[in-house]
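Colleague: dropping the sequence and predicted coords here.
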Amino acid sequence: MPELPEVETVRRDLQRRLVGRTIRAASIVQPDILRRTGPVQLVNTLVGSEVVSAERRGKNLVIRLEREVALLVNLGMTGQLVVGAADHRAEAHTHLIAALSDGGVLAYRDVRRFGHLELAPFDRLEESFTLRNVGVDALSPEHTPERLHEAMSGRTALLKGALLDQSMIAGLGNIYVCEAMFRAGLSPRARCRDLSREDVVRLHDAIRAVLTESIAAEGTTISDYVTGAGVPGGFQERLRVYGREGQVCTTAGCEHRIERIVQSNRSTFYCPGCQANPPGME
DNA sequence: AAGAAGTCCTGGGCGC
DNA sequence: TGCGCCCAGGACTTCT
């Protein structure tokens, strides 16, 4: 479940380990992970290209290459993008493997294949399959309480669902939505339009705080996520509601147990004490 | 037209 | 021991 902190961690590793190196050879094992890009086109574009920079938009990586073309990567749920040593042994479900100029290897692996790769020219990034519906990044200065409040106003959707909508805020997934709602003391059953300005300010602060803290811990590893160096993150130790069904709430003095409900076929974890139902709801 | 539901995909966990 | 069922969920497509 690479969400913003996990993707940012991978980006930082790519910045350190990949930028400035040239791709000498590449092979694509599973062409169905490509979007709007042919396997031959991918290989021809990668081979001989130096990597210029590694950027991030929401949960997506933008790896800029020479000749004004970027490799866009969405890791889906189980995607891994790792820069390894020359003797890196490709595990099962490795779909792209590229040899680097000084002997290293760039490998893309994705067990469930929900992720994808795409090539797009610099001047067409906004129209690409990968980025066309990606809104303001959750850690961008443009993501302000005012903007969030504006985006929420009038919406009848559940808060949970809205926060997962990448066109509204880019970068949150199920884990950090649960954690941010907990920190802000907002019920997962709340509806967007019912949030007060103060609610939105707390939510905005909670989102930034949990994402920033997780980046510092190199992200959350529940099952498949690894950093660009191929190692697990550490924030799973600090989750306060996600995956903690039945455990006592970590808030001092709160004796409630964390509950799990299903909203649009997704698990939501929350504390019924700290995140009381909105007024008018049983 | 917004919002909800369905779909893809595979490995791990569990029950019998 | 092993088979089969169910679950996890990001983001698109389809339905209401």
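Modeller: Structure's in. What do you need? Keep in mind the model is a prediction, meaning the values are calculated, not measured.
Colleague: contacts for stretch A:17-34?
Modeller: For stretch A:17-34, contacts defined as C-beta atoms under 8 Å, 6 or more residues apart in numbering pick out A:38-39, A:42-43, A:46-54, A:63, A:83, A:94-102, A:104, A:106, A:108, A:110, A:113, A:115-118, A:228-229. Just so you know, the C-beta spots here come from the backbone N, C-alpha and C atoms, and that holds for glycine as well.
Colleague: switch the cut-off to 7 Å
Modeller: Residues from elsewhere that reach stretch A:17-34 (C-beta atoms under 7 Å, 6 or more residues apart in numbering): A:39, A:42-43, A:46-54, A:83, A:94-102, A:104, A:106, A:110, A:113, A:115-118, A:228.
Colleague: just the ones in helices from the residues you listed, please.
Modeller: A:Pro39, A:Leu42, A:Val43, A:Leu46 (DSSP state H).
Colleague: the second one touches A:Ala120, doesn't it?
Modeller: No. With contact defined as C-beta atoms under 7 Å, A:Leu42 does not count as touching A:Ala120 (11.7 Å).
Colleague: for the ones in helices among the contacts of stretch A:17-34, pick the one with the most neighbours.
Modeller: When neighbours are taken as other C-beta atoms under 10 Å, the top entry among these is A:Leu46 (24 neighbours).
Colleague: what sits against that residue?
Modeller: Contacts of A:Leu46 by C-beta under 7 Å, 6+ apart are A:Ile23, A:Ala26, A:Ala98.
Colleague: show me which of those residues are buried.
Modeller: When the contacts of A:Leu46 are checked for burial by 16 or more other C-beta atoms under 10 Å, the buried set is A:Ile23, A:Ala26, A:Ala98.
Colleague: sheet partners, orientation included, of the helix or strand hosting the second one?
Modeller: Going back to what we said before, that points to A:Ala26. Under the criterion of DSSP states H and E, A:Ala26 resides in strand A:23-28. The strands beside strand A:23-28 in its sheet (DSSP bridges) come out as strand A:94-100 (antiparallel).
Colleague: got the residues of the stretch 51-200 of chain A near DNA strand C?
Modeller: A:58-60, A:74, A:76-78, A:112, A:114, A:129-130, A:132-133, A:164, A:166, A:173-175 (C-beta under 7 Å from any atom of the strand).
Colleague: selection in ChimeraX covering whichever of these are buried, please.
Modeller: A single ChimeraX command selects the buried members of those (16+ other C-beta under 10 Å):
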select /A:58,59,60,74,76,77,78,130,164,166,173,174,175
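Colleague: and DNA strand B, which of the residues of the stretch 51-200 of chain A next to DNA strand C contact it?
Modeller: Within the set of these, contact with DNA strand B (C-beta under 7 Å from any atom of the strand) is found for A:Arg112, A:Phe114.
Colleague: among the residues of the stretch 51-200 of chain A next to DNA strand C, which ones are in strands?
Modeller: Among these, the ones falling in strands (DSSP state E) are A:Asn60, A:Asn74.
Colleague: mind listing what the residue lying closest to A:Thr220 once chain neighbours are set aside touches?
Modeller: Residue nearest to A:Thr220 in three dimensions, not counting chain neighbours: A:Phe235, with 4.3 Å by C-beta to C-beta, 6 or more residues apart in numbering. Neighbouring residues of A:Phe235 by C-beta under 7 Å, 6+ apart: A:Pro5, A:Ser214, A:Ala217, A:Gly219, A:Thr220.
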